[in-house]
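**Student:** Pasted the sequence and its predicted model underneath.
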Amino acid sequence: MSIDKEIVEEFLNESKSLIDELIDLLESIEGNFSQVKKLADYGNNVDRIMGGAKSLALMAPPEHAIHLIADYSALCKAVGYKASQITDNEKFFDVCVAILLDATENLRELLNNIHQNVESLKEEIPEAFIERLRWVSKQFNESYSMSVGLGSADQGKMKQTDIDELLKKLGL
């Protein structure tokens, strides 16, 4: 089981373009709480990276970095969507934007090093960042949805245990 190198290159090119857009979006809203809803756009775009990575992961051996990239993108998506629903805490919004900037830069590094093994890639993610990510994710209560625009109130809810499970799956 292996992934076609040409498909991986296409995925990387598209993802790196999306990373640039994500960074631009975050930098444009940084410090501007009135733009909190734009974090849903962040979630939508990082979801595209996640979807591509999950599709490629179907063709990849379990130790391939694409699995780490898919799960890491899912965390970014969850934080982005949940943060887009902040209504009354400007400081927390600022923290979320800062952590998403760091997370997106880390995602860029994961993409740049997709041909390394998973264990060495995990070591590249700073422990301080992981601790901040855990803290931020615990600030969201169950009323925050992991996605936007769904019909059912329960559909799409990501519980804290789901985020914790993703962190554990990443080995973080």
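**Tutor:** Nice, I can see it. Fair warning: this is a prediction, and the values are worked out from it, not measured in the lab.

**Student:** just for this protein, where's the confidence low?
**Tutor:** 1, 141-167, 169-172 (pLDDT under 70).

**Student:** Swap in 90 and give it another go.
**Tutor:** 1-5, 61-64, 117-172 (pLDDT under 90).

**Student:** quick one, helices of it?
**Tutor:** Per DSSP state H, the chain carries helices over the ranges 5-29, 39-57, 65-83, 90-112, 118-124, 127-139, 160-169.

**Student:** Just say which of those is most tucked in.
**Tutor:** Highest mean neighbour count among the helices of the chain (mean count of other C-beta atoms under 10 Å): helix 65-83, with a mean of 24. The way it works is simple: take the backbone N, C-alpha and C, and place the C-beta from them, glycine included.

**Student:** Is residue 64 in contact with residue 3, as I believe?
**Tutor:** Yes - using C-beta atoms under 8 Å, residue 64 is in contact with residue 3, at 7.1 Å.

**Student:** Looking at those two, which is more packed in?
**Tutor:** residue 64 (20 against 17; other C-beta atoms under 10 Å).

**Student:** who's in contact with that one?
**Tutor:** 3, 57, 118 (C-beta atoms under 8 Å, 6 or more residues apart in numbering).

**Student:** would you turn these into JSON lines with distance to residue 130?
**Tutor:** Below are these laid out as JSON lines (distance: C-beta to C-beta, whole Å):
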{"residue": "3", "distance to residue 130": "27"}
{"residue": "57", "distance to residue 130": "22"}
{"residue": "118", "distance to residue 130": "16"}
